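> compute the structure for the input listed below.
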Amino acid sequence: QVQLVESGGGLVQPGGSLRLSCAASGFTFSSYAMSWHRQAPGKERELVAVISSAGGITANYADSVKGRFTIFRDDAKNTLYLQMNSLKPEDTAVYYCARRNYRNYDDNWGQGTQVTVSS
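Residues are numbered from 1 along each chain as shown. As a prediction, the model looks like this:
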């Protein structure tokens, strides 16, 4: 069955960096676009970034993270990443990875990893 397991979250000071990982199994990882989302307390879930399948040539970002976050993938390791730099307190949220199917629908989700940006 499809499994997505996030890791790498934690507590970081404003201006710091974190790299999130999402280990995928149970499907042909390289064949799917993948995405990162986040949900802060009391807010709706927000799409953070999307990367295309097979090497990830194309990536798109929410305006709120553009220039600070980078989504990338290692198809040989079946792993998706989110490099987060210049973190701000408003980046505090639970971050989820998801598989995006050919209908552009996020059909499988990980359990999430908490990112807290605070001094």
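> C-alpha from now on. contacts and neighbour counts both.
Fine.
> confidence score at residue 115?
As predicted, residue 115 sits at a pLDDT of 98.
> what's the answer for residue 66, then?
97.
> same thing with residue 8?
97.
> also the one 5 residues further on?
If you check residue 13, the pLDDT there is 97.
> quick check: phi and psi on it?
Residue 13 adopts backbone torsions of phi -80, psi 150, taken as degrees, to the nearest 10.
> how about the strands in this structure?
Using DSSP state E, the strands found in the chain span residues 3-7, 10-12, 18-25, 33-39, 46-51, 59-61, 69-74, 79-84, 93-100, 106-109, 113-117.
> do you know how far the residue nearest to the spatial centre of the chain is from residue 2?
Centroid-nearest residue in the chain: residue 36, 2.9 Å away (criterion: Cα atoms, centre = their mean). Residue 36 sits 16 Å away from residue 2, going by Cα to Cα, to the nearest Å.
> swap in residue 99?
For residue 99, the distance to residue 2 - Cα to Cα - is 9 Å.
> now the common contact residues for these two.
residue 108 (Cα atoms under 8 Å, 6 or more residues apart in numbering).
> higher neighbour count, those two?
residue 99 (24 against 14; other Cα atoms under 10 Å).
> for beta bridges, what are the partners of that one?
Beta-bridge partners for residue 99, by DSSP bridges, are residue 34, residue 108.
> so who does it touch?
32-35, 106-109 are the contacts of residue 99 under Cα under 8 Å, 6+ apart.
> can you tell me the distance between the two ends of stretch 77-86?
In stretch 77-86, first residue to last residue: 27 Å (Cα to Cα).
> what does stretch 74-93 give?
Terminal residues of stretch 74-93 are spaced 24 Å apart (Cα to Cα).
> how about that stretch: buried residues?
75, 78-82, 84-85, 87-88, 91-93 (16 or more other Cα atoms under 10 Å).
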